[in-house]
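Visitor: Quick one: sequence plus predicted model below, questions after.
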Amino acid sequence: MAASRRAILWTVAALLLALAAGAAAWRAWRPPEVPVVRIEAAPLVRTLRFSARVATDSRVEVGATVTGRVVRVRVREGDTVDAGDVLVELEDQELRAALQQAQAAERQAQARLAGLRSTGRQAAGAAVAQAEAQWRNARAELARNEQLVAQGFVSAARLDDARRALEVAAAQREAALAQARATADRGTDVEQASAQLAAARAATEAAQARLAQSRVQAPAEARVLARLVEPGQIVQPGRALLRLALRSPRELVAAVDERFLEQLEPGQPAIVAADAFPDRPFEARVARIAPAIDPQRGAVEVRLSLPESAPGFLREDMTVSVQVETGRREQALAIPLAALRGEASVLLVDDGRVAERAVRLGLRTLDAVEVQAGLASGDQVLMGADPPGPGARVQPRPTPWTPGHVPDGGQASAGNPVSEAFGR
């Protein structure tokens, strides 16, 4: 009975040893599991992310063109003004007095010209008529005296007096004619009076212009960014009193690392989110790319245009985050960047064994790259930091993956030069 029991125990022990040896042999023969990604055609989008600020096409600083004391400042930061609105008022009593003086001088010059053209012209005409009559009388008197001298009735001295009287009358006649010509429309007196009137009018206009300079006006529709003056201050020409952002289409301005210049081009769409309102994204579009590089920062200036429906919370110099779509494939075979071996090869599972395959690459994104040749839909690409080499038997373990997500066993390359570009 005891011998039978020992035989059973030895049999059980032998069976257990055989099972353990079989399990160890099976584990040694079974190929290792490796993470793989099954390649399928899907949309692939490449984006570029960077920071930008809100800006307008033009900003101006307005100031006074005359020296004076500030009486009133009509606007504050954030106010919207129209073209011609008075922004700052200066003292103007002296300028108003100068204008009144200039206007009085203009009225005086105008009255003198009007007098020359009316009463002066009439007086000159009367003087000419009188001088003509005197000249004719003197000439007739000379003729009579010549006859009387010839007949011996008067002396030669009487004839000399008649001749001198005719010369005086002739001179008076010429003076009267000259005065009449001077008071004519093209005469010297009228021309001189007209010139004096023109000078008086110019002085009035200059006084009006100086008075207008005591009012600092908005050059165009704009928003007040900064108020740099207060009532009571003395201001001089050249000093900025207000800083304005002229009303114009707003833009986003960014300094993007020059390494990403090849990816950018005008017309590309973008999604923008303000740091202060991250839950209210809006659209934009690349408008212009600067032709020159900033050598100090190694960056290029990029400007994005905003639609008319841009949100009203935008403010000048507000910081925003921009994501520009720089490339798109509607249907592409893409693999994770972590699956690349070297520059252009991958490892894949082919009939239960690892095989190396050369590939031709295309569009590259943050975590994926397009394969243009070398792979087909359904191929299983190996992942992992240290996968088995070519020829090794493996058991594929599918890992879900789509572009934009790092698969299990993979490793994102945060330093990849096509991942992100932040304004420096």
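Guide: Sure thing, it's come through. Numbers count the residues shown, from 1 in each chain.
Visitor: how does the protein divide up, domain by domain?
Guide: Domain ranges of the chain: 46-54+249-398, 59-90+214-246, 95-211, per automatic domain parsing.
Visitor: Can you measure across the first one, start residue to end residue?
Guide: If I follow you right, that is domain 46-54+249-398. 25 Å (CA to CA, to the nearest Å).
Visitor: Would you map the strands across the stretch 201-350 of the chain?
Guide: Secondary structure of the stretch 201-350 of the chain, counting by DSSP state E, counting those that start in this stretch: strands at 215-217, 222-227, 234-235, 242-246, 251-257, 269-274, 277-294, 299-305, 319-336, 345-350.
Visitor: what helices or strands is the shortest one leaning on?
Guide: Packed against strand 234-235, as judged by 3 or more CB pairs under 8 Å, 6 or more residues apart in numbering; DSSP states H and E, are the following elements: strand 68-73. Just so you know, the C-beta spots here come from the backbone N, C-alpha and C atoms, and that holds for glycine as well.
Visitor: Name the strands paired with the very next helix or strand once past the strand it packs on and say parallel or antiparallel.
Guide: Next helix or strand after strand 68-73 toward the C-terminus (DSSP states H and E): strand 80-81. Partner strands and pairing direction for strand 80-81 (DSSP bridges) are strand 222-227 (antiparallel).
Visitor: what's the model's confidence in the strand it pairs with, averaged?
Guide: What strand 222-227 shows for mean pLDDT is 87.
Visitor: contacts for that strand?
Guide: Strand 222-227 has contacts (CB atoms under 8 Å, 6 or more residues apart in numbering) with 59-60, 73, 75-81, 87, 242-247, 316.
Visitor: next one: stretch 62-70
Guide: 87-92, 95, 210, 213-214, 216, 218-219, 229-244.
Visitor: Which positions in that stretch come out as buried?
Guide: Neighbour counts over stretch 62-70 (16 or more other CB atoms under 10 Å) mark 62-64, 66, 68, 70 as buried.
Visitor: Okay, strands next: where are they in the stretch 51-200 of the chain?
Guide: With DSSP E, counting those that start in this stretch applied, the stretch 51-200 of the chain shows strands at 59-62, 68-73, 80-81, 86-90, listed in chain order.
Visitor: To Leu48, which of those strands lies closest?
Guide: strand 59-62 (27.5 Å; CB to CB).
Visitor: Just give me how far the closest one sits from the chain centre.
Guide: Relative to its chain's centre, strand 59-62 lies at 13 Å (CA atoms, centre = their mean, to the nearest Å).
Visitor: now swap in stretch 317-326 and tell me
Guide: Per CA atoms, centre = their mean, the centroid offset for stretch 317-326 relative to its chain is 17 Å.
Visitor: That stretch: which residues count as buried?
Guide: The neighbour-count check on stretch 317-326 (16+ other CB under 10 Å) flags 318, 320-324, 326 as buried.
Visitor: Arg285: which of those is nearest?
Guide: After measuring the buried residues of stretch 317-326 against Arg285 - CB to CB - the closest member comes out as Val324, at 9.0 Å.
Visitor: Skipping adjacent residues, who's closest to that closest one in space?
Guide: The shortest distance from Val324 to any non-neighbouring residue, by CB to CB, 6 or more residues apart in numbering, is to Ala270 (4.3 Å).
Visitor: Could you check how far the one you found is from Pro281?
Guide: Distance of Ala270 to Pro281, computed by CB to CB, to the nearest Å: 10 Å.
Visitor: More neighbours: which of these two?
Guide: Ala270 (23 against 15; other CB atoms under 10 Å).
Visitor: for that one, what are its contacts?
Guide: Here Ala270 is in contact with 283-286, 304, 322-325 (CB under 8 Å, 6+ apart).
Visitor: again, 6 Å this time
Guide: Counting by CB atoms under 6 Å, 6 or more residues apart in numbering, Ala270 makes contact with 284, 304, 322, 324.
Visitor: Mind listing the residues bridging to it?
Guide: For Ala270, the beta-bridge partners are Ala284, Val324 (DSSP bridges).
Visitor: Over to Val81?
Guide: Applying DSSP bridges, one finds that Val81 bridges with Ala222.
Visitor: In terms of pLDDT, where does it sit?
Guide: Looking at Val81, the pLDDT reads 89.
Visitor: Repeat that for Arg280.
Guide: pLDDT recorded at Arg280 is 91.
Visitor: low pLDDT regions in the stretch 151-300 of the chain?
Guide: Where the stretch 151-300 of the chain drops to pLDDT under 70, the residues are 151-156, 158-160, 162, 166, 173, 175-190, 248-249.
Visitor: In the stretch 1-150 of the chain, what residue spans correspond to helices?
Guide: Taking DSSP state H, counting those that start in this stretch as the criterion, the stretch 1-150 of the chain carries its helices at 2-29, 93-117, 119-151.
Visitor: and the angle for the second one with strand 68-73?
Guide: Counting by axes from the mean of the first three to the mean of the last three CA atoms, to 10 degrees, helix 93-117 points 110 degrees away from the direction of strand 68-73.
Visitor: what distance separates helix 93-117 from the middle of the whole chain?
Guide: Here helix 93-117 is found 46 Å from its chain centre; the criterion is CA atoms, centre = their mean.
Visitor: other SSEs contacting it?
Guide: Under the contact definition 3 or more CB pairs under 6 Å, 6 or more residues apart in numbering; DSSP states H and E, helix 93-117 sits against helix 188-212.
Visitor: No further questions, thank you.
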